[in-house]
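Novice: Below is the structure, and that's it, no one-letter string:
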């Protein structure tokens, strides 16, 4: 196989045609994938890349996590933002209000994990609903109350730092919600839905992609579009959507942000490029009808995104552990780290072990880890450094990084 | 490697040339599809329709009696006849092929939930055309359910509605019009099967997209997904909406019949899969025998057995459900979701593994909402 980079887009359509005919030829098939330098793919001079729905859902999710910190908000209004219905004035943005997209409908909704598991899908949606409800019922009324073990309220970080609003167990529910969504929405949809061969190859997708048959009224084949929708859950809010690594980490509060954070740790430098390159080559492989190469790239993306989630889970657990080991414990800071860690641990159930149809940690295993973290009478007020270390070890042992690498 | 630069024209030519190369359609195995179609037509579909037609005739008679002598005794008889016919319907509702397909039989017979407000408007105005598509949720079994179970919780009040000096006659007229239409549509379908269609169906035994088997198998899977899995369980359980919808069950007003209807339909679909003769214990050529003939193995197990096991799993999970699925949704929706999940597992076996084995292409796609 030869991969040519930096070739004009026009050549991609050439390779595409060759691929279509190669299976009918007696000669050795020619495999040629012309990979562009940026995520730019065109047909007849027009872009074939489209992922507006993902950009919209990321925008909605940003508003929801922001509004979860406005103590005057009602549960009904927050529920309506989460489960937006087309035309309802749930947001201050007319375009979002007009949109048919909703965050909740795509939460725990991937084909591979949830099409025959509506039971878990419903329970997971229920977790997010519960975080909203508990924030409104328990945390908002105590907005001015000092938090203590067993009492929800506000707690300030040392040195005149940020106020953190926690429930009676020291958990910031808005953080659980936001970081949980990274797994339940972004990773689940990208890894377990749009990169799934069941979705990419559904019905006539392969034949249509082989023949260049585009969707009605669109310039893309269905398979191309599915792949782009996975891409959109990482880069849908990017400043330059064709070259998103220029601003990686700065474009949203979700997966994009934490790819950037992990990239910033020297132990993992290069991971952002690996992820982007796999998306780009996989998309070029679809154009060239090289589905084995496509699926190899999907496997890379699944592994790396799963790793991002796990690294951040361990990172925050270790930050919390370090905080607890200080002479003077800054509880607000520790709770903030552990609340983020909570969300990333929750997200582990949506990761994807390449070559399997399973996450690195099942829903039940995740519940076990959360129980370890929160199991004391007063939750995070009671958790010990030893417990945080034990959870960190358990997570890292399933991946190819060490606790020390992730924790710094 | 050489670089090729074709003009758009050349590309178009090549693309066209390539596409003609992947024609599917020739018979790929020596299974006797015609014998299977004969078994399905003669031992399942036609006797199923005859049985349904009989029960519908009984329902028509019970309606006439209730209209003539409007009292609680006749209301109860009418209700029993309605339940019986509604259950028999479950054995034939999957066969949306031939005349049934051309007249949209299922949509005129059994759309739910119905629009009660529009039904009331139809009754009081006396102006409606039941043949129009927009009136599908004002007729059929669901509309009858509303008329004999839903206008009040009390039988005395229901009877009072039909004997009311001002509007009673209008209710009787609407009730009669509904059952007459159902009878008329059913007669058309049954007559067609017992006339020319049976041979057309059996003789169309090839393997193109329009062959009887390809169409029927697609109808079967479509019905399994949309009408059994989604309509009877998934939609009320909120699988597609994210929130449970307890008013969307079948036979909503009767309350305690929805589980029976589900089970009847589940049985009918499994019996169809196994080629089990209607109302008998014998069976003939079927999708199941076809898979056995092909010796289709999945993960070391016989695919036909796996599918039957999954039917059984769904049935045993559903056995814990309340007779009133609407009440079940409200009291413990998890049981509904569990049932849905077991039903969904067979979609994969039927739609992917079975269709691949018997070389049938899916002619419909799930809308994924994106």
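Specialist: Great, that's in hand. It should be emphasised that the depicted structure is a prediction, and the values quoted were computed from it without experimental measurement.

Novice: And for the residue in chain B positioned nearest to chain A, the neighbour number?
Specialist: Closest approach between chain B and chain A, counting by CB to the nearest CB: residue B:344, at 3.8 Å. The C-beta positions use only the backbone N, C-alpha and C, and glycine is treated the same way. Neighbours of residue B:344 under the rule other CB atoms under 10 Å in any protein chain shown: 22.

Novice: count of residues packed around residue 361?
Specialist: Chain wasn't specified; assuming chain A. What residue A:361 shows, counting by other CB under 10 Å, is a neighbour count of 25.

Novice: I was after chain B.
Specialist: Using other CB under 10 Å, residue B:361 has 17 neighbouring residues.

Novice: Which residue ranges of chain B form strands?
Specialist: With DSSP state E as the criterion, chain B has strands at B:297-298, B:301-302.

Novice: circling back: got the confidence number for the residue nearest to the residue of chain B closest to chain A when sequence neighbours are not counted?
Specialist: Closest residue in space to residue B:344, ignoring its immediate chain neighbours: residue A:116 at 3.8 Å, by CB to CB, 6 or more residues apart in numbering or on different chains. Looking at residue A:116, its pLDDT reads 94.

Novice: Now for the closest residue to residue B:225 other than its chain neighbours: which residues touch it?
Specialist: In this structure, residue B:225 finds its nearest non-sequential neighbour in residue B:347, 5.8 Å apart by CB to CB, 6+ apart. Residue B:347 makes contact with A:116, B:221, B:224, B:225, B:229, according to CB atoms under 8 Å, 6 or more residues apart in numbering or on different chains.

Novice: do residue A:153 as well
Specialist: A:139, A:142, A:143, A:144, A:145, A:146, A:147, A:165, A:166.

Novice: burial count for the first one?
Specialist: By the criterion of other CB under 10 Å, residue A:139 has 26 neighbours.

Novice: need the residues of the stretch 51-200 of chain A near chain B, please.
Specialist: Residues of the stretch 51-200 of chain A lying near chain B by CB under 8 Å from any CB of the partner chain: A:53, A:83, A:100, A:104-105, A:115-119, A:121-122, A:125.

Novice: Pull the contacting residues for residue A:186.
Specialist: Contacts of residue A:186 (CB under 8 Å, 6+ apart): A:58, A:233, A:234, A:254, A:255.

Novice: Now do it, the pLDDT please.
Specialist: pLDDT for residue A:186: 98.

Novice: now do residue B:3
Specialist: 37.

Novice: cool, and residue B:8?
Specialist: Residue-level pLDDT assigned to residue B:8 equals 33.

Novice: for the residue lying closest to residue A:330 once chain neighbours are set aside, what are its contacts?
Specialist: Closest residue in space to residue A:330, ignoring its immediate chain neighbours: residue A:158 at 4.2 Å, by CB to CB, 6+ apart. For residue A:158, the contact set (CB under 8 Å, 6+ apart) comprises A:328, A:330, A:332, A:333.

Novice: Which ones among the residues you listed map onto strands?
Specialist: Using DSSP E, none of those sit in strands.

Novice: Mind checking which of the residues you listed are buried?
Specialist: Neighbour-count burial (16 or more other CB atoms under 10 Å in any protein chain shown) is assigned, among these, to A:330, A:332, A:333.

Novice: what separates the second one from chain B, distance-wise?
Specialist: Translated: residue A:332. Distance of residue A:332 to chain B, given as CB to the nearest CB, to the nearest Å: 34 Å.

Novice: surely that residue meets residue A:159?
Specialist: No - between residue A:332 and residue A:159 there is no contact under CB atoms under 8 Å: 10.6 Å.

Novice: Filter the contacts of residue A:153 down to the buried ones, ChimeraX style.
Specialist: Selection of buried members from the contacts of residue A:153 for ChimeraX, criterion 16+ other CB under 10 Å:
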select /A:139,142,147,165,166
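
Novice: what's the helix or strand for residue A:33?
Specialist: strand A:32-35 (DSSP states H and E).

Novice: what's the most distant pair in the contacts of residue B:347?
Specialist: A:116 and B:221 (15.1 Å; CB to CB).

Novice: worst-scoring helix or strand of chain B, pLDDT-wise?
Specialist: helix B:8-19 (a mean of 35; mean pLDDT, DSSP states H and E).

Novice: and for residue A:332 and residue A:159, which residues touch both?
Specialist: With CB under 8 Å, 6+ apart, residue A:332 and residue A:159 have no common neighbours.

Novice: still on that earlier bit, tally of neighbours for the residue nearest to residue B:344?
Specialist: When neighbours are counted by other CB under 10 Å, residue A:116 comes out with 18.

Novice: which element is it on?
Specialist: Under the assignment here (DSSP H and E), residue A:116 is part of no helix and no strand.

Novice: For it, grab phi and psi.
Specialist: Per-residue torsions, residue A:116: phi -120, psi 30 (degrees, to the nearest 10).
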